[in-house]
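Chemist: One predicted model, sequence on top.
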Amino acid sequence: MNDFLSMGGYAQYVWPSYALTFVAVIVNIALARRAHAAARAEARRRLSIEGEDR
Amino acid sequence: MDWTWFHRLASPPHVYRIAGTLTPWFAWPAGLLIVAALYGGLVLAPPDYQQGDGFRIIYVHAPSAWLSLMIYSTMATAAAIGLIWRMKVAHAAAASCAAVGAWFTVVSLVTGMLWGKPMWGTYWVWDPRLTAQLILLFLYLGYMGLRAGIEDTARADKASAVLAIVGIVNVPIIRFSVEWWNSIHQAPSVMKMDRPSMPADMLVPLLMMLVGFTLYFVAVLLVRLRAEILRRERASSWVREAATA
Amino acid sequence: MNPPPAGRASWATAGRLVLERDLRLAFRRSGQLVQPLAFFAVITLLFPLALTPELARLREVAPGVLWIAALLSSLLALEFLFRDDAHDGTLEQFVLSGQSLTLLLFAKTVAHWMLTGLPLAVMAPVVGVALGVPLQALPGILAALALGTVTLSLVGAIGAGLTLGVKRGGVLLSLLTLPLAVPILVFGARATELAIKGADYAGPMYLLAALAVLGLTLAPLAAAAAVRIGLE
Amino acid sequence: MNPPPAGRASWATAGRLVLERDLRLAFRRSGQLVQPLAFFAVITLLFPLALTPELARLREVAPGVLWIAALLSSLLALEFLFRDDAHDGTLEQFVLSGQSLTLLLFAKTVAHWMLTGLPLAVMAPVVGVALGVPLQALPGILAALALGTVTLSLVGAIGAGLTLGVKRGGVLLSLLTLPLAVPILVFGARATELAIKGADYAGPMYLLAALAVLGLTLAPLAAAAAVRIGLE
Amino acid sequence: MLAVRNFHVFRGDRHVLRGVSFDLAAGCCLQVTGVNGAGKTTLLRALCGLVDVEEGSLLWRGAAIERSASAFHAELGYLGHDAPLKADLTGRENVRYAVGLRRPLAAATVVRGLERVGAGAFADRPVRSLSAGQRRRIAFAALWLCGVPLWILDEPNTNLDTQGQALVAGLIEEQLAAGGLVVAAVHQELDLPPGRRVDLVIPGGR
Amino acid sequence: MLAVRNFHVFRGDRHVLRGVSFDLAAGCCLQVTGVNGAGKTTLLRALCGLVDVEEGSLLWRGAAIERSASAFHAELGYLGHDAPLKADLTGRENVRYAVGLRRPLAAATVVRGLERVGAGAFADRPVRSLSAGQRRRIAFAALWLCGVPLWILDEPNTNLDTQGQALVAGLIEEQLAAGGLVVAAVHQELDLPPGRRVDLVIPGGR
Ligand code: HEM
Ligand SMILES: Nc1ncnc2c1ncn2[C@@H]1O[C@H](COP(=O)(O)OP(=O)(O)OP(=O)(O)O)[C@@H](O)[C@H]1O
Ligand SMILES: Nc1ncnc2c1ncn2[C@@H]1O[C@H](COP(=O)(O)OP(=O)(O)OP(=O)(O)O)[C@@H](O)[C@H]1O
Ligand SMILES: [Mg+2]
Ligand SMILES: [Mg+2]
């Protein structure tokens, strides 16, 4: 296991790469879902005040 | 020829619905492929005879670099469709691409730099391939800047579409820069169809990763597209059902 | 007392008028004409001040310095390519003139090149000598700059059109144009370098020419599309 | 239903309002804020492309490159320091406000520095690393740039005021400002060079500071005089 | 000759024109009124194709016009809130370049146009040194010289003195008498014979 | 309260104002008329010190005023041919920054000003998306809120609809009733009680 973690001496390069990549992967999922949720909330908010403006 | 499919493609509510249905069909295979490729790449694949375990960065670097280019091409294609056929959904798709593309450009740059330190002895060299990738980042930033600079959505759509299309000239430059100049960067080893220069147990996880990332991108794009469509169509009646469903 | 009815102006007349108008506007302020040149000269002057005053080492950086200075002077002037016309409504009248917008904007771009790129190329030998470039390299440098600035003006026209709707678009304009201008810079600097070394610089010159042809065919169309969008 | 009569606004309020207004205008377009930074980065990117990709040799030219890029980014943004305000009549209203024009323009200059010089100085270390500058030199570079850009903004304000009446004053502005900016460039590049070498860079820093003090005392007065003239 | 069917135009998110329709025969003037912000300028610019039309159609000489149809544009002259002049050129040069784009133009014709609007005295001064009303006159000279059948005018009387307003009224009447069409957005009613005037009031605004 | 003695003003080489003099008491409006190019705008800008006066003197509250005298400027509000607004800011912000330079200003006061000119409905939209008349209204809100005794207005009715013109007339009357002064360049005569109006016709021009 330790062998695996040390990556033959390249740990300081390999693991940050993987970390960054998967942070990006997760962040992009989160951002997309948040954008969708926000758009839905906005649409709902607009529907609730509908008739006032147009 | 029956063009109804084309018109349906252009209809926001239809795309919104279809995108919702399709998302899991891309997301789950993407997740499975990526996990499997991680196992294959980090555990099963043997160390490289030259680079030792350092080469394993390839499993994140190559897919993210590939995505950064693929996303730009997708964006430019969608923009062109939007401009030519005046299809709002295509513009929405192009708009959804930019941020994801910029993210993965940054990832490819940073993982490349992290790989460069042990391999070339420095984080950064002003090599054509690397520089071109940096320029790609600026293209993405310019695209997003232009979008942010124009308030009216319809106008922002069209202006940024022109930019995306013009900027596509850079993509082949990035892809082929390695062959045109004598770059120190790795020449394409996977995409050469005749004789993959990599042993199978290294190659297979890489291919799985590439496919996994591509599917992942499609899934993310679909979610972003739905958000974008909803934002643009907030005044339409169909949004009522979509938003409350 | 109606105005005498008359036929439509030919496209050649229209293009010539736009070109003439832009040149006349520039000559009206005679000072304006020298400005890109002076800017070019001042920028190249900055390098010896900031980098190193040794002629031998200046010669090494000369190609890069020349091209960066050219790129920046050209870029700075681009800002005004369409902005004034958009602001005072001239561009709107272009759209409504019944003439091809592509043609009219192309005429404007040609005027822009004649007022910045061309004098710049002509001026470059002088600046080159100051940077220690050998005399026999000067024709090559002139040719490369003349060719490269054509493409720069064309690419810049797209950027200028796109940033029309953007307030303070100047910086954004650079941000959009510079990445697209990188190939010109790379090939141009390469040709200049080879010329200074006394080597054959035909290779990068062909590439520059290819870029210019590409620009000539596509850029005016893209610029016209961009301007139409930018006018809202 | 008359407006409630009230006293006069203090000079501090007036200055704060002008500063706040300019910052708000910049933040309104969030993209605009990053643009000078991006421009700075793109300009520095041009040098390795045009000069040489070798880090060892890039390091030698790094001080010059950093300062020229800073100078140009700052200059490009200067164009808009007063132009928009002159165009839409805001500057006229400043003159008629009963407040000291010197003060109001100084507030605008401060805003300009906060929006260009300061972020530029903060960004410089990143760009420096890409040019092969050693880490321990970065604080010195940051300090020198922060100080130097203050003077640049102040000197630029005079130029921007003087070119107000001039259509397409952008290039002229550069011509006026660049010679005045040469001392800043020379001392700044010298300080940076010493910092990169690991030597003591206090000497040129003192000179930079002296220039900044000189600028702070004289430039706002000169700028106000220039603007009054430029308004016709 | 000019017909608009059910125009719907958005500016940003605002639904400004909600189904505007009208018919305009040759020799008639459409007088567009409405409070500030009603959408007069929007309608005029939409006719020119300078603003996107969300829905509806525009017919000219019986044929539907697409956006940016240059044949239609060649028959149309537009004068907006601001006169489209280059400040550094003289009035004469401005007219020459603006009109020369559209039709062959002799120098004598330019002089005729400038004199028609009473701009002869200041035609050779750079426009930047002209007063607001003098600029408007130059712009009218260019419009008149184009000799196009359709004029689209946004508040044509702005900045003009009494004689200038009479002059514009005269130009409009001539244009109509010659079988031309005028679309004008105004705040004060135009003084035209009833048969020549079609009224369009745009609701909403302010 | 305001007196001008023998103003001579040159624009470039042109001797535009040749000895203009007038006296204006508190509560009175000076109506400046003249054909296009007569020099109305020039006179107004000269009063503000925005144009150099070759000869003549300006008296305010009995004292002679130098050019750029900030005490005089603090009592004066000028509205020229174009509304001095920032296109990227909303109407409310524009008013706040413009008026805030001159006097302490509560948010509620800004609202009052905007409502006074009928700009409440569009006060929070960026000025770039407003119609010509809506912009003028915002500019009037700022002028009104300054609460200064002397208004200098160049063609105040430009771009305003009928109700807007009535509004401006109302504002001017109020200003006069409160003992203020107005100098207005117009092409249509202002409708004011005779005692309140002083006429000045500038000869020449066009
Ligand atoms: C900042 C530094 C780097 C950048 C910007 C960068 C950029 C790229 C790009 C743009 C691709 C293209 C992907 C495609 O064509 O589909 C790529 C692929 C690749 N890179 Fe890098 N790279 C960097 C450093 C490195 C280093 C240090 C190595 C290894 C020593 C490396 C090895 C590879 C490999 C093996 C591929 C896959 C090539 C293929 O099979 O097509 N890269 N990189
Ligand atoms: N670019 C824009 N973005 C958003 N809304 C706009 C834009 N331009 C105009 N509007 C709005 O559209 C409406 C109509 O504007 P328009 O300029 O057509 O009015 P108008 O009738 O010409 O008024 P005026 O008499 O003041 O000139 C107004 O409410 C205005 O605020
Ligand atoms: N910058 C300038 N240089 C030279 N002459 C000028 C300048 N500005 C104005 N003039 C001239 O001065 C005269 C007066 O101009 P001014 O703008 O004061 O006229 P006005 O009475 O306001 O006219 P209008 O009713 O058209 O607004 C005009 O003949 C004009 O051409
Ligand atoms: Mg209008
Ligand atoms: Mg006037």
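Modeler: Cool, the structure landed. Ligands and ions are numbered 1, 2, ... in the order given.

Chemist: contacting residues for residue 39?
Modeler: If you meant another chain, say so; for now it's chain A. By CB atoms under 8 Å, 6 or more residues apart in numbering or on different chains, A:A39 lies in contact with B:226-228, B:230-231, B:234. The way it works is simple: take the backbone N, C-alpha and C, and place the C-beta from them, glycine included.

Chemist: oops, chain E please
Modeler: Neighbour list for E:G39: E:9, E:16-17, E:202, E:204-205 [criterion: CB under 8 Å, 6+ apart].

Chemist: Mind putting those into JSON lines with distance to B:V162 and pLDDT?
Modeler: Output for these, formatted as JSON lines (distance: CB to CB, whole Å; pLDDT from 0 to 100):
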{"residue": "E:V9", "distance to B:V162": "23", "pLDDT": "91"}
{"residue": "E:V16", "distance to B:V162": "26", "pLDDT": "91"}
{"residue": "E:L17", "distance to B:V162": "28", "pLDDT": "93"}
{"residue": "E:I202", "distance to B:V162": "33", "pLDDT": "93"}
{"residue": "E:G204", "distance to B:V162": "34", "pLDDT": "80"}
{"residue": "E:G205", "distance to B:V162": "34", "pLDDT": "73"}
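
Chemist: Let me have those residues in TSV, extended by secondary structure, neighbour count and distance to chain D.
Modeler: Shown next, in TSV, are the contacts of E:G39 (DSSP: H, G, I helix; E, B strand; the rest coil; neighbours: other CB atoms under 10 Å in any protein chain shown; distance: CB to the nearest CB, whole Å):
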residue	secondary structure	neighbour count	distance to chain D
E:V9	strand	21	26
E:V16	strand	25	23
E:L17	strand	26	28
E:I202	coil	20	28
E:G204	coil	14	27
E:G205	coil	18	24
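
Chemist: Now render these as JSON lines, adding distance to F:E155.
Modeler: Formatted as JSON lines, the contacts of E:G39 follow (distance: CB to CB, whole Å):
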{"residue": "E:V9", "distance to F:E155": "29"}
{"residue": "E:V16", "distance to F:E155": "26"}
{"residue": "E:L17", "distance to F:E155": "28"}
{"residue": "E:I202", "distance to F:E155": "24"}
{"residue": "E:G204", "distance to F:E155": "26"}
{"residue": "E:G205", "distance to F:E155": "22"}
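
Chemist: Between those residues, which sits nearest chain C?
Modeler: E:V9 (12.2 Å; CB to the nearest CB).

Chemist: Quick check: the closest one touching E:V53?
Modeler: Yes: E:V9 lies in contact with E:V53 (CB atoms under 8 Å); the separation is 5.6 Å.

Chemist: so where is chain B shaky, pLDDT-wise?
Modeler: Applying pLDDT under 70 to chain B flags residues B:1-9, B:174-184, B:187-197, B:244-245.

Chemist: Can you list the residue ranges for helices in it?
Modeler: Taking DSSP state H as the test, the helices found in chain B are B:4-9, B:12-39, B:58-85, B:88-120, B:128-149, B:153-167, B:170-180, B:200-232, B:238-244.

Chemist: Next, the contact list for C:P36, please.
Modeler: C:73-74, C:76-77, C:115-116, C:119-120, D:171.

Chemist: Can you confirm whether the least confident helix or strand in chain A by mean pLDDT lies near chain B?
Modeler: Within chain A, no helix or strand scores below helix A:2-6, which has a mean of 71 by mean pLDDT, DSSP states H and E. Yes: Helix A:2-6 comes into contact with chain B (CB under 8 Å from any CB of the partner chain), by way of A:F4.

Chemist: in the following helix or strand past that helix, what's buried?
Modeler: Note on helix A:2-6: by DSSP states H and E, the next helix or strand toward the C-terminus is helix A:11-48. With burial defined by 16 or more other CB atoms under 10 Å in any protein chain shown, the residues of helix A:11-48 counted as buried are A:13-15, A:17-18, A:20-21, A:24-25, A:28, A:31-32, A:35-36, A:39-40, A:42-43, A:46.

Chemist: Stretch B:30-42 now?
Modeler: Residues of stretch B:30-42 classed as buried by neighbour count (16+ other CB under 10 Å): B:30, B:33-34, B:36-38, B:40-42.

Chemist: do the same with stretch B:161-170
Modeler: By 16+ other CB under 10 Å, the buried positions in stretch B:161-170 come out as B:161-168, B:170.

Chemist: Quickly check: it near ligand 1 or not.
Modeler: No: for stretch B:161-170 and ligand 1, the contact criterion (CB under 6 Å from any ligand atom) is not met; the two come no nearer than 11.1 Å.

Chemist: Contacts only, for the nearest residue to B:M209 once chain neighbours are set aside.
Modeler: If the residues on either side of it in the chain are set aside, B:M209 comes closest to B:A37, at 4.0 Å by CB to CB, 6 or more residues apart in numbering or on different chains. B:A37 sits next to B:59, B:205-206, B:208-209, B:212 when contact means CB under 8 Å, 6+ apart.
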